[in-house]
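**Q** Sequence unavailable; structure follows:
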């Protein structure tokens, strides 16, 4: 009979199986990714805060998405860098819970915020004359708050299931802590947590997908209808939604890679572990580039402020 471990528990992350001589290279790769994420998202957030012309719902929601990306990247990358640099794999129980909570909240909050962005774009394109009346400051902040509240409540309930679950091991077979990774160490089955986790994931993902699909169907219909005699209207409508749609598709592709790689036993453990962090390290690093390339207003504001700074230095 396996004896349950006593609190406080110190977990050990299995991490990557790094070949000799590659640790430094992987550390600098993770560091570069994290610095690009901080720099890109920091610039986007600062420009939106500084430029009063960007104090509009679409850019406010982008700020919330930036915050979400930073939470996800910061929860994983610093500890991953420590793992590559020092080989340290131990993590305290409360730190593991905090990391897992942030990672899961990132996954849910990304979807709820993207759902709010889809609703905003739907109103902006399909009901442009009523947009200022519908998307008021109070309603915008309510949508943002609701997106975060849903994420926090869902994940808080998810982690509450294993607060009193006895654990009979301390090695998490992953590169970061997660609810599933911790529950795999439980001394017995945890059906309630499994059912809730699957149900929550399905409900949130399906609901957001339906919201986005409905919004873009209506946007497409309205764009074609309004733009039959004016290609400028149609082009502007598609452009204003492009960044949101590209970001959503990017997250979904990253999620699909995780699902596919874990379905094939022949795929190496390192590849499976790497694919599992794609969702956390790739979108946050690329999103600022997507915003800058697609949004002319944001790109112009970034160029303007950096030009001013260069002129001041001269």
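**A** The structure has been received and is ready for your questions. This one's a predicted model, so the numbers in the text were calculated from it and none came from an experiment. Numbering: from 1, shown residues only.
**Q** What are the buried residues along the longest helix seen in the chain?
**A** The helix of greatest length in the chain, counted in residues with DSSP state H as the criterion, is given as helix 191-226. The neighbour-count criterion (16 or more other C-beta atoms under 10 Å) identifies 193, 196-197, 200-201, 204, 208-209, 211-212, 215-216, 218-219, 222-223 as the buried residues of helix 191-226. Any C-beta I mention is one placed from the backbone N, CA and C, and that applies to glycine too.
**Q** ok, now stretch 251-268?
**A** Within stretch 251-268, the residues scored as buried using 16+ other C-beta under 10 Å are 251, 252, 254, 255, 257, 261.
**Q** which residues in the stretch 51-200 of the chain form strands?
**A** 90-92, 171-172 (DSSP state E, counting those that start in this stretch).
**Q** Can I get those strands in a markdown table including mean pLDDT, distance to residue 243 and mean neighbour count?
**A** Below are those laid out as a markdown table (pLDDT from 0 to 100; distance: least, C-beta to C-beta, whole Å; neighbours: other C-beta atoms under 10 Å):
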| stretch | mean pLDDT | distance to residue 243 | mean neighbour count |
| --- | --- | --- | --- |
| strand 90-92 | 86 | 36 | 15 |
| strand 171-172 | 82 | 36 | 18 |
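**Q** Tabulate those (TSV), appending distance to residue 22.
**A** Below are these laid out as TSV (distance: least, C-beta to C-beta, whole Å):
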stretch	distance to residue 22
strand 90-92	21
strand 171-172	22
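**Q** among these, which is nearest residue 37?
**A** Shortest separation from residue 37 across these is recorded for strand 90-92, at 21.5 Å, computed as C-beta to C-beta.
**Q** and that closest one, what other elements does it pack with?
**A** Contact partners of strand 90-92 among helices and strands, from 3 or more C-beta pairs under 8 Å, 6 or more residues apart in numbering; DSSP states H and E: strand 10-13.
**Q** strand partners of the strand it packs on, parallel vs antiparallel please.
**A** Strand pairing for strand 10-13, using DSSP bridges, gives strand 90-92 (antiparallel), strand 171-172 (parallel).
**Q** From the chain's centroid, how far away is the first one?
**A** Shown here is strand 90-92, whose average C-alpha point lies 24 Å from the average C-alpha point of the whole chain (C-alpha atoms, centre = their mean, to the nearest Å).
**Q** swap in stretch 85-100?
**A** On the basis of C-alpha atoms, centre = their mean, stretch 85-100 sits 20 Å off its chain's mean C-alpha point.
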